[in-house]
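Colleague: Pasting a predicted model and its sequence here:
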Amino acid sequence: MKTPRYTPYFIQAASLLIVMLVLAACQKVETAASDPNVAVIEAYVTPGSDILLHVTRQLAFQDDDTTISPIEGLQIQVSDGDTTVVCTVDSAGYYHAPLKADQQKTYSLAFVYNYQQVTASTYIPSKPTNYVASATSIVVSEPGSGGSGGEPPQMPDPIALSWDNADTSYYMVVIENVETDPVLIYDTSDNRPVRVFRNEPERSNSHELMPMSFSYYGTHRVVLFHLNPEYAQLYESNGSTSLNLAEPPTNVVNGLGVFTGINSDTLWIEVKEE
């Protein structure tokens, strides 16, 4: 079995964003609306990379099996309007379209599953412009460490991020510590915190990184994602509970999930100890 081929940007996008898709697009839905023969598509299209798809079956509410089942043997076509390619198989449920995406272009997919034509399309947004930070480093002290003369340490100002957003698009900031063996800022011997934190997608042109949001010292990658509405809707629909189950939003016709374009830019922040 071949290992799925992921480009660096796809690894970044999928690993940082996949949790919300699993909660929203692959959640169990009401029995009346659920069908295990419905395809769930997961695809984040990034400029400069081949298009990679993950296709699974929908989980039915009455089914006790929570294992996500891949759909194999599909003949998936992907097009940019000028060129159409047929996906190859990377591994069970993972498909690879040898077509490098470009920003500000529209891409579509189509395949037949369960005697229905499944289709979806997405637009690759532009790279964020004028993405800047008010500082490239921040000093964070462990609570209780004390300042000079026995005075409590002063909390540093947050780092202000800003970018252009003339058309009120959706943006999301994801912060990841990239150290091999990062040093904890706070004593959390019981549970080691994750290295990544984020805000929810917003139609904004700024965001503040609060000092207390960081869990580790060292170098942090601060990625600004320019998103399409179909991705932002996954966050908005995440309030479903076992008492209020509803079919999640999707831009897939005769299917579920999301086929969405993403673009990004990156800044670097150093978190230092006082």
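Modeller: Thanks, I have the structure now. Numbering: from 1, shown residues only.

Colleague: in the stretch 1-150 of the chain, which spans are helices?
Modeller: 8-25 (DSSP state H, counting those that start in this stretch).

Colleague: Below-threshold pLDDT in it: ranges please.
Modeller: For the stretch 1-150 of the chain, the stretches flagged by pLDDT under 70 are 1-36, 59-67, 143-150.

Colleague: let's see it at 90
Modeller: 1-37, 57-69, 90-92, 141-150 (pLDDT under 90).

Colleague: Can you give the distance of stretch 113-129 from its chain's centre?
Modeller: With CA atoms, centre = their mean, to the nearest Å as the basis, stretch 113-129 stands 15 Å off its chain's centre.

Colleague: Can you list the buried residues in stretch 88-99?
Modeller: Neighbour counts over stretch 88-99 (16 or more other CB atoms under 10 Å) mark 89-90, 93-97, 99 as buried. No exception for glycine: its C-beta is placed from N, CA and C like everyone else's.

Colleague: what about that stretch, how long is it end to end?
Modeller: 11 Å (CA to CA, to the nearest Å).

Colleague: do stretch 182-196 as well
Modeller: One end of stretch 182-196 sits 12 Å from the other (CA to CA).

Colleague: What's the mean pLDDT across that stretch?
Modeller: Averaging pLDDT along stretch 182-196 yields 83.

Colleague: And the strands in the stretch 151-274 of the chain, which stretches?
Modeller: 159-162, 170-177, 196-198, 206-209, 218-227, 252-253, 256-272 (DSSP state E, counting those that start in this stretch).

Colleague: Show me the one of those that comes nearest residue 56.
Modeller: strand 256-272 (8.3 Å; CB to CB).

Colleague: Flag every buried residue along that closest one.
Modeller: Here strand 256-272 shows 256-264, 267, 269, 271 as buried, counting by 16+ other CB under 10 Å.

Colleague: Adjacent strands (with direction) for it?
Modeller: Strand pairing for strand 256-272, using DSSP bridges, gives strand 39-45 (parallel), strand 137-139 (parallel), strand 218-227 (antiparallel).

Colleague: correct me, but residue 78 touches residue 51?
Modeller: Yes: using CB atoms under 8 Å, residue 78 is in contact with residue 51, at 5.5 Å.

Colleague: what touches both of those two?
Modeller: 97, 99, 107 (CB atoms under 8 Å, 6 or more residues apart in numbering).

Colleague: can you pull the contacts of residue 85?
Modeller: Taking CB under 8 Å, 6+ apart as the test, what residue 85 contacts is 77-79, 97-99.

Colleague: Next, format these as JSON lines and append distance to residue 224.
Modeller: Output for the contacts of residue 85, formatted as JSON lines (distance: CB to CB, whole Å):
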{"residue": "77", "distance to residue 224": "32"}
{"residue": "78", "distance to residue 224": "27"}
{"residue": "79", "distance to residue 224": "29"}
{"residue": "97", "distance to residue 224": "26"}
{"residue": "98", "distance to residue 224": "28"}
{"residue": "99", "distance to residue 224": "25"}
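
Colleague: Return the subset of those residues lying in strands.
Modeller: 77-79, 97 (DSSP state E).
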